[in-house]
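Participant: My questions concern the predicted model and sequence given below.
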Amino acid sequence: MPDVIVADGVLTEINGAVVRARVSTPLALGELVHVGDARLIGEVVALDGDAAVMQVYEDTSGLAPGAPMFATGAPLSVELGPGLLGGVFDGVQRPLDRLARDEGDFLGRGSRVVALDRDRLWPFEPRLAAGATVGGGDVLGVIRETGAFEHRVLVPPDCRGTLTRVAAAGAIRVTDAVASIATAQASPTVVCPMQRWRVRVPRPYRAWLRGTVPLITGQRVLDTFFPLALGSAAGMPGGFGTGKTIMQQQLCRWARADVIVFVGCGERGNEMTELLWKLPELVDPRSGRPLAERTVIIANTSNMPVPAREASIYTGITIAEYYRDMGYDALLLADSTSRWAEALREISGRLGEIPAEEGYPSYLSSRLAAFYERAGRVQTLGGGEGSVTLVSAISPPGGDVTEPVTRHTQRYTGCFWTLDKALADARVYPAVSVSDSYSGSADAVAAWWGEHGAASWSDTRREALAMLDEAAQIASTARLIGEANLPGAQRLTLRMADLLREAYLTQDAYDAKDASCAPPRQAALLALLMHFYQRALAAVAHGADVQALLARPIVAALARAKMTYGDEDVAALSALRDEVDRSW
């Protein structure tokens, strides 16, 4: 947080988290302020002459008219640098883990600790020498932040010039100068490992790139049926108990992203506590090291002040963009944007703004659009490639997906993973509804699947989706006339849809082989099941009995294949395909 500059006004009105003050000197919209004798953190959201309106990110109990207000002259910003990974921060980037050590489990109002530890030493290695011409985004040097992660020290985005000095290899602090750059300005620019950036302003990049590479999540129903391209955004709506938080925790562990930023925005404290307890124990499947070493957590639970909840997703996306600019693939998981929108609605009401549909402010749609547009796969200022992929959980009241947050999210995301309460109640996880979900990235990533050993991926995927859609229509008919009265082919399709759900769509998070599934095994397993379906259809057309076909031992082997064969056993699935052919 920036240092306080001067006492600049007095409070005239307190309305929950929204306070008004009379100021003596001009302020700026978005300027960070400190309110009251406890110096509570706030942000200017409206100005009218000598009156300023601020939203306060802490509990305002005890504030009274006449209390002082202090201006800082700086916008709400985050500190970016080594030390973010493994950290737990609140919505305005206060380090909760270090505050807990200093103050205990209950934080006092006005508590402030810098986000990045100023005393910790980091091993710096230069990558450029004095005399080099550099521009924004170029890598000056690297810091081994964790055992599995290389932190790249970048030239600030708006800086260009000639390196006059680069620090030698050795231990440095985040505030130590590692380089000096002669620019067109009168004085040289000094670069430190730590940067500050305004959370509401997207970080710049050189060019936007089309998403052609999928984010591999290890979850078959997502990767195969509803793929999400790197740099895209997905919405994940679901009512209470459908497994949104569990799904995001699965993505946190298994998604093939370099950095995970998890934003707990207004969720229950016990869910965040469980995540914080489990995360240090989880092993990163990519490196064999603790998963926390490539994870940043923004925790702003439902019992924390509402304005900080509104700021939390901007803090998270700015941190994700910072790692994108290093050339990494960052995944932002927001849980949930519904709680964020509720915070927006509450603040809007206290500001006296005219409400729109369901009480949300009229600018809800534009705020959501601006948030989702910060996802993207880009060419960085330094010339590399990086991405921010965004997955937001949505908690529609009563599971009503026609409510404003869900509906507006559909407009700005190309992928929707709708969670079904009926599937969750039946213990089918992930509880993704095949009929209500969609992906706009399937055609864009088809070439990638073809390059990775699944040449027929698109055709097999379409065939499986068509079969599931046909089974849903047949089920409606079966409820009217009874399954026994259906033609044999339709009865087979119904039973095959059940087998596909059991053997492919459902995954056991506690099974070592089934918890995550690599792309080659996903493609081979789906092709195997659809091959059996085609052989069975041909047999039924020639008079075979459906019940007898499904009672064959090979069917049980197909149902167990996802837990029998691991990612290294793809060739064994081909052998099982031969066994399918021999069984006729």
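Facilitator: In hand now; what should we look at?

Participant: buried ones in the longest helix seen in the chain?
Facilitator: The residue-count maximum for a helix in the chain (DSSP state H) belongs to helix 457-481. The neighbour-count check on helix 457-481 (16 or more other CB atoms under 10 Å) flags 457-458, 460-461, 463-465, 467-468, 470-471, 474, 478 as buried. To be clear about C-beta, it is placed using only N, CA and C from the backbone, and glycine gets the same treatment.

Participant: so what does it touch, helix or strand wise?
Facilitator: Identification of packing neighbours for helix 457-481 by 3 or more CB pairs under 8 Å, 6 or more residues apart in numbering; DSSP states H and E yields helix 442-451, helix 488-500, helix 519-541.

Participant: okay if I get the ones you listed as TSV plus distance to Gly316, mean pLDDT and mean neighbour count?
Facilitator: Below are the helices and strands packed on helix 457-481 laid out as TSV (distance: least, CB to CB, whole Å; pLDDT from 0 to 100; neighbours: other CB atoms under 10 Å):
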stretch	distance to Gly316	mean pLDDT	mean neighbour count
helix 442-451	25	95	17
helix 488-500	36	96	20
helix 519-541	28	96	19
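
Participant: who wins for proximity to Ala21 among those?
Facilitator: With CB to CB, the closest approach to Ala21 among the helices and strands packed on helix 457-481 belongs to helix 442-451: 50.4 Å.

Participant: What helices and strands are in contact with the closest one?
Facilitator: Counting contacts by 3+ CB pairs under 8 Å, 6+ apart, helix 442-451 is packed against helix 457-481.

Participant: Report the angle between the helix it packs on and helix 442-451.
Facilitator: Per axes from the mean of the first three to the mean of the last three CA atoms, to 10 degrees, the angle that helix 457-481 makes with helix 442-451 is 120 degrees.

Participant: How far does helix 457-481 sit from its chain's centre?
Facilitator: Taking the mean of its C-alpha atoms, helix 457-481 sits 31 Å from the chain's own mean (CA atoms, centre = their mean, to the nearest Å).

Participant: hmm, back to that, relative to helix 519-541, how tilted is the longest helix of the chain?
Facilitator: 50 degrees.

Participant: Helix 457-481 - what's its average pLDDT?
Facilitator: The average of the pLDDT scores along helix 457-481 is 95.

Participant: and if you look at stretch 390-403?
Facilitator: For stretch 390-403, mean pLDDT is 92.

Participant: Thr273 is in contact with Gly264, correct?
Facilitator: No: with contacts counted by CB atoms under 8 Å, Gly264 stays clear of Thr273, the gap being 10.1 Å.

Participant: Pick out whichever of the two has more residues nearby.
Facilitator: With neighbours defined as other CB atoms under 10 Å, Gly264 and Thr273 compare such that Gly264 has more, 31 against 12.

Participant: Rebuild the buried residues of helix 457-481 as JSON lines, extending it with distance to Leu251.
Facilitator: What follows is the buried residues of helix 457-481, written out as JSON lines (distance: CB to CB, whole Å):
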{"residue": "Trp457", "distance to Leu251": "21"}
{"residue": "Ser458", "distance to Leu251": "24"}
{"residue": "Thr460", "distance to Leu251": "24"}
{"residue": "Arg461", "distance to Leu251": "21"}
{"residue": "Glu463", "distance to Leu251": "27"}
{"residue": "Ala464", "distance to Leu251": "22"}
{"residue": "Leu465", "distance to Leu251": "22"}
{"residue": "Met467", "distance to Leu251": "27"}
{"residue": "Leu468", "distance to Leu251": "23"}
{"residue": "Glu470", "distance to Leu251": "30"}
{"residue": "Ala471", "distance to Leu251": "28"}
{"residue": "Ile474", "distance to Leu251": "33"}
{"residue": "Ala478", "distance to Leu251": "35"}
